[in-house]
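>>> no sequence on this one, just coordinates:
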């Protein structure tokens, strides 16, 4: 009942007042997005060490479920470049069966995050961490595509950075000039189409319609026709994978064992965390474009369901995809119907036109992914590092380095840990003990000390209380706590230790100013009932009481 109460797909509200005009707009947007999604789906799957149909099946199933059940009006779900590195690593190290387990487990985690209303917490992950691993993933994607871009004959690419470099260097002599030529031509078409077509504007006939056709599709069709027509000696989807099956995916259960589940737990957590970040960031971008606000928890539950279902039908991890979502918005989508249409269009494509995919050259898909990797990275962040703080630089660069050289899981863990340590250090710097010198106590210097505590009093800032305890007065202590904005149990214990020390030395304490959460914590820790402590309404009263105690 509780989950049912929380579960409300955005489709329900989006269909209010739905009419024929909106349906036509959604049909057009869905068709356009399907055209964009087809080459990316195959490229992401191949780069992840899977068959091309894994990407297409994921786009169909996850794309439909995310649109049907999600918390955004226009978000498009499917395989994403961010998953390539970790999926490839899981496949190489644990096999496809364990990838199914890891993906399904990540779906359970994503759904649980949505049920527990943790969608807003994902936004608290620092920008430095996100930028670091995004750029690192982009580098690894680009590096993994050099093999097919150059047409190198490498039986199996290693998953690690240095292994990839060694394999590329060792097989550099197997370069295929035809593959390189096709890859360069496709990359040129994509770049020129993306930058030149919008600038043509009204100067060229049909430029408006041509702008809606993605450069990746133009390159894909051109390269496929050239390879099939001239019988070029390059590797294709047909030569490597035997083509794409023209049938619906079949349900299949992996060989499950708790031993396998134990090994893939951390990769599953990384998939869930990465999927949550990608989908919610994508939804926020879409919100800004359509002036709307998505439901992050509903989106996480939808992503969880999609990732739990997809692997049992031969798919791979899925999340919200920025490129396809932006295309969806720019194509005029008004509701989740557009996302559902895009999935159904791709289903029709594999049922009708799957044999045509056999001639698609892998060099073309490598060129598409290189362009995706370039657009995916936030490279200007490196140029702006000199203007930012040292902790920000260290966090970004360490996450980037660890992502590229070691492992994405380690990079995310270290990055979040570094960000937490940096945050604690910064918060601790905000807490300070300020000595006061009120005129009423000038003649009692050394006998009565007055201090004002400012900032959060928590486990990382107890040094401020220790500085007061190290310089206790002879006769009385005045504490102004009006600047304490937060207090945790460790901070309360540190304050309690100070009061106990004063009691042992027979130094009366006159305190005031605790309010809000800090006062509530003090009440629960019995700070307000300590012997030898008087709680007064304001500073003047506390100073007067301390002076009277010295009479």
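Good, I have the coordinates. Keep in mind the model is a prediction, meaning the values are calculated, not measured.
>>> quick one: buried residues of the host helix or strand of residue 13?
For residue 13, the host element (DSSP states H and E) is helix 10-14. Across helix 10-14, burial judged by 16 or more other C-beta atoms under 10 Å covers 10-11, 14. Any C-beta I mention is one placed from the backbone N, CA and C, and that applies to glycine too.
>>> nearest to residue 22, out of these: which one, please.
The nearest member of these to residue 22, counting by C-beta to C-beta, is residue 14 at 9.1 Å.
>>> contacting residues around the residue lying closest to the closest one once chain neighbours are set aside?
Closest residue to residue 14 apart from its sequence neighbours, by C-beta to C-beta, 6 or more residues apart in numbering: residue 335 at 3.9 Å. Counting by C-beta atoms under 8 Å, 6 or more residues apart in numbering, residue 335 touches 11, 14-15, 18, 22, 26, 73-74.
>>> what segments of the stretch 451-551 of the chain are strands?
476-487, 509-512, 533-535 (DSSP state E, counting those that start in this stretch).
>>> now those in TSV, with distance to residue 170, mean neighbour count and mean pLDDT?
Formatted as TSV, those follow (distance: least, C-beta to C-beta, whole Å; neighbours: other C-beta atoms under 10 Å; pLDDT from 0 to 100):
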stretch	distance to residue 170	mean neighbour count	mean pLDDT
strand 476-487	57	22	89
strand 509-512	72	22	90
strand 533-535	74	17	88
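>>> next, the residue nearest to residue 14: secondary structure please.
At residue 335 the chain is in coil, as set by DSSP: H, G, I helix; E, B strand; the rest coil.
>>> what pLDDT does it get?
For residue 335, the pLDDT comes out at 93.
>>> that one and residue 68, how far apart?
Distance, residue 335 to residue 68, by C-beta to C-beta, to the nearest Å: 11 Å.
>>> any shared contact partners between those two?
Shared contacts of residue 335 and residue 68 (C-beta under 8 Å, 6+ apart): residue 11.
>>> who touches the host helix or strand of residue 323?
Counting by DSSP H and E, the element that carries residue 323 is helix 322-330. Helix 322-330 is contacted by residues 29-30, 32-33, 36-37, 40, 74-76, 78, 214, 278, 281-282, 285-286, 289-290, 338-339, 342, 372, 375 when judged by C-beta under 8 Å, 6+ apart.
>>> and residue 90, which of the three is it?
helix.
>>> check contacts around it.
Neighbouring residues of residue 90 by C-beta under 8 Å, 6+ apart: 98-99, 102, 264, 267.
>>> residue contacts, residue 183?
148-151, 363-364, 366-367.
>>> check residue 23 too.
By C-beta under 8 Å, 6+ apart, the contact set of residue 23 is residue 337.
>>> and the gap between it and residue 73?
Using C-beta to C-beta, one gets 14 Å for the distance from residue 23 to residue 73.
>>> check residue 12 too.
In this view, residue 12 and residue 73 are 11 Å apart by C-beta to C-beta.
>>> and for residue 168?
Remark: distance between residue 168 and residue 73 (C-beta to C-beta) = 44 Å.
>>> and the two? Which one has more around it.
For residue 168 versus residue 73, the count of surrounding residues by other C-beta atoms under 10 Å is larger for residue 73: 26 against 18.
>>> check which helix or strand covers that one.
If you go by DSSP H and E, residue 73 is not part of any helix or strand.
>>> ditto for residue 159
Using DSSP H and E, no helix or strand contains residue 159.
>>> need the contact list for it.
By C-beta under 8 Å, 6+ apart, the contact set of residue 159 is 88-89, 92-93.
>>> in this protein, which spans are strands?
Secondary structure of the chain, counting by DSSP state E: strands at 77-78, 319-320, 432-436, 448-457, 476-487, 509-512, 533-535.
>>> turn those strands into JSON lines, including distance to residue 465.
Below are the strands of the chain laid out as JSON lines (distance: least, C-beta to C-beta, whole Å):
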{"stretch": "strand 77-78", "distance to residue 465": "51"}
{"stretch": "strand 319-320", "distance to residue 465": "46"}
{"stretch": "strand 432-436", "distance to residue 465": "7"}
{"stretch": "strand 448-457", "distance to residue 465": "8"}
{"stretch": "strand 476-487", "distance to residue 465": "10"}
{"stretch": "strand 509-512", "distance to residue 465": "12"}
{"stretch": "strand 533-535", "distance to residue 465": "14"}
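>>> all good on my end, thank you.
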